[in-house]
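Asker: This is a predicted model, with the sequence first.
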Amino acid sequence: MRRIEFTHSYLKDLQLARKRHLPEISMIMNTRLTGLICLVWLRAVTAFSAELFVEAESFEKKGGWVVDQQFMDLMGSPYLMAHGMGEPVERAVTQVVFPETGTYYVYVRTFNWTSPWKDGEGPGRFKLSVNGRELPAVLGARGSEWMWQEAGKVSVKQTASTLALHDLTGFNGRCDAIYFTTAQGRIPPSDAEALEAFRRKALRLPDVPETAGEYDLVVVGAGIAGMSAAISAARLGCRVALINDRPVPGGNNSSEIRVHLGGRIEAGEYRELGGLQKEFGPTRGGNAQPADFYEDGKKAEAIANEPNITLFANCRAVSVALKGSTIHAVIARHIENGTERSFHAPLFADCTGDGTVGYLAGADYRTGRESRDEFGESTAPEKADRMTMGASVQWYSEDAGKPAAFPPFNYGVTFNEQSCEKVMTGEWTWETGMNLDQIRDFERIRDYGLMVVYSNWSYLKNRLKENEPYRNSKLGWVAYVSGKRESRRLLGDYILKEDDLQKHVAHEDGTAATTWSIDLHYPDPKNTENFPGAEFKSIAVHKTIYPYPIPYRCLYSRNVDNLFMAGRNISVTHVALGTVRVMRTTGMMGEVVGMAASLCKRFGENPRGIYRRHLKELKALMKEGVGGKGLPNNQRYNEGGTLSKPPEVK
């Protein structure tokens, strides 16, 4: 349990201190207390207060609440969220031990998540109970930012106690942490840096994290790219640590997000690349389908079957240790218990999508769209800007077999007969955040995705005149982990651009073939008419290409010496990202990275050294592949269209 507790010896000293003068208290502090207890003592000296700090994500029984870690880099921590799609979820419960009995003032860190769009009370309401007694305050429904909200006070008559979070609405109430103190008005800091320091003290995190072991390759991110990199390297003799910040692998292709695989395998010169996806890729296609379509278990089994891979699920990379321009270690934090581990290796692969490891290591990167002139891209805008492709909150409804109610939901986005979306399912076209920062503003982007789903569904259920098709329908699934398309792109020794793809410019270090069209997303003009500046629907504009081999130089950092990357964060322009970002293609990138890592181990090289001195060996591995031989291609859905032959270069 993540909490501050007072030791028995501390309590004895505190009782003694209350009978003495400050000099004696100082003497006890100097001789008896260090670290966390010293922190607590300093507070006790000034107010003789007892305190207890509990992180919500560490609750032992989470009930219907979910752990949301997507924004912990922004707001400081994962949190619990009541994702009930309009129906209150089962309470979350945990056991705690108070330092002493007495009256405690209670503060809860929470967020009124619809406040960016509507002032006043929000929908994410919940309450806290202690030993079965509900505190009076309704939490999560006021304010306009993450804040410590006063929950009330409680008389604790036994130190061993039970806490519970009671969801009142099912509309994504969120609880980050709970703080009890006998000193009224004494709350933890709100400033991000100060709060992080407070958390570290409160959770007794050591200055030096526990070492997770020595590896040949550390892969961060277990989406299709990361899984493929890890399995490829493992099968070629590397000891691999695979770090994933969710409980299930698969990334956007997991049951949490539900985007189907796209692109083609068995394409280009190296037709064995992509063979791994015959082993763990789902055999059925479709976005926003029932969970079993995405075969999480098959992916988990593929990882578990590799003796050279150690999977660290529910762990998020939060910092790196550098030696010059080389990563020495990646430090990852468990999203539920807060423990930190350091992962040491000569090689690292950033498969996070957001380029998180590269960013933390100071790797060169870009975001947004380049200008047309910079790379001579006809599809690029005239002037560079910050626009990106957006993130999708997908959803679907189900037939309840009888009339199904849905609560009125109107928190700043208003629908009418003309603007509502008369649909039962929302998949990739429900896309938000194109004109916001996909890192800094991501919680707002995801929350807007949730809000338009709920607002539109509420209108269809409660206000649409001819709503008979919707009367017996209920929301069956709404993603709370948002499917992101674009954020940081880490820069390698080569930046792939539109001309390479359109003119089929050959590079000696070509690897996996990208086969998807140049597929770029823009706000849907009709949606813009109804919601100018607040669009939540997108269109896709395609430019067809011939299968194009991605240069190996796009798969490693140009200024962090031992960093590979695979996925949507590789070294490409915004326009070129339109083709390489689909998951069968990113998986093949991962296979190439795993092969290159094995060559780095064999020859004592860094990633650039493989390009300079061992391309021949890399090509041989790509020719051979690492997937099982003779397997049928079961990845025939959502392959996309390509030209039948390369264009003539004039």
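Answerer: Cool, the structure landed.

Asker: Parallel or antiparallel, which strands does the helix or strand encompassing residue 218 pair with?
Answerer: Secondary structure from DSSP states H and E places residue 218 in strand 217-220. For strand 217-220, sheet partners with direction are given as strand 240-243 (parallel), strand 348-350 (parallel), following DSSP bridges.

Asker: what's the most buried one of those?
Answerer: With neighbours defined as mean count of other C-beta atoms under 10 Å, the strands paired with strand 217-220 peak in mean count at strand 348-350, which reaches a mean of 34. Any C-beta I mention is one placed from the backbone N, CA and C, and that applies to glycine too.

Asker: ok so, going back, and the strand holding residue 218, C-alpha only, in CSV?
Answerer: The C-alpha coordinates for strand 217-220 follow below in CSV (Å, rounded to 0.1, in the frame of the first residue of the first chain):
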residue,chain,number,x,y,z
LEU,A,217,18.4,-4.7,-25.2
VAL,A,218,15.7,-2.8,-23.4
VAL,A,219,12.5,-2.2,-25.4
VAL,A,220,10.1,0.4,-24.1
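
Asker: What average pLDDT does the next helix or strand after that strand get?
Answerer: Using DSSP H and E, the helix or strand that directly follows strand 217-220 along the chain is helix 224-235. The average of the pLDDT scores along helix 224-235 is 98.

Asker: elements contacting helix 224-235?
Answerer: strand 217-220, strand 240-243, helix 275-280, helix 296-304, strand 309-312, helix 583-603 (3 or more C-beta pairs under 8 Å, 6 or more residues apart in numbering; DSSP states H and E).

Asker: Let me know which of these is tucked in deepest.
Answerer: Highest mean neighbour count among the helices and strands packed on helix 224-235 (mean count of other C-beta under 10 Å): strand 217-220, a mean of 32.

Asker: Contacts for that strand next, please.
Answerer: 226, 229-230, 233, 238-243, 317, 330, 332, 343-345, 347-352, 356-357, 594, 597, 601 (C-beta atoms under 8 Å, 6 or more residues apart in numbering).

Asker: Of all the helices and strands packed on helix 224-235, which one comes closest to residue 617?
Answerer: Nearest to residue 617 among the helices and strands packed on helix 224-235 is helix 583-603 (5.5 Å), distances taken as C-beta to C-beta.

Asker: Just the CA trace of the next helix or strand after the closest one, in PDB.
Answerer: The first helix or strand that comes after helix 583-603 along the chain, using DSSP H and E, is helix 607-613. Output in PDB follows, covering the C-alpha atoms of helix 607-613 (Å, rounded to 0.1, in the frame of the first residue of the first chain):
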ATOM      1  CA  PRO A 607      23.100   1.200 -34.300                       C
ATOM      2  CA  ARG A 608      25.000   3.500 -36.700                       C
ATOM      3  CA  GLY A 609      27.800   1.100 -36.900                       C
ATOM      4  CA  ILE A 610      25.500  -1.500 -38.400                       C
ATOM      5  CA  TYR A 611      24.700   0.900 -41.300                       C
ATOM      6  CA  ARG A 612      28.400   1.800 -41.800                       C
ATOM      7  CA  ARG A 613      30.000  -1.700 -41.500                       C
END
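
Asker: Can you get me a residue count around the closest residue to residue 590 other than its chain neighbours?
Answerer: In this structure, residue 590 finds its nearest non-sequential neighbour in residue 228, 3.1 Å apart by C-beta to C-beta, 6 or more residues apart in numbering. Residue 228: 36 surrounding residues under other C-beta atoms under 10 Å.

Asker: list the contacts for residue 228?
Answerer: 276-277, 566, 586-591, 594.
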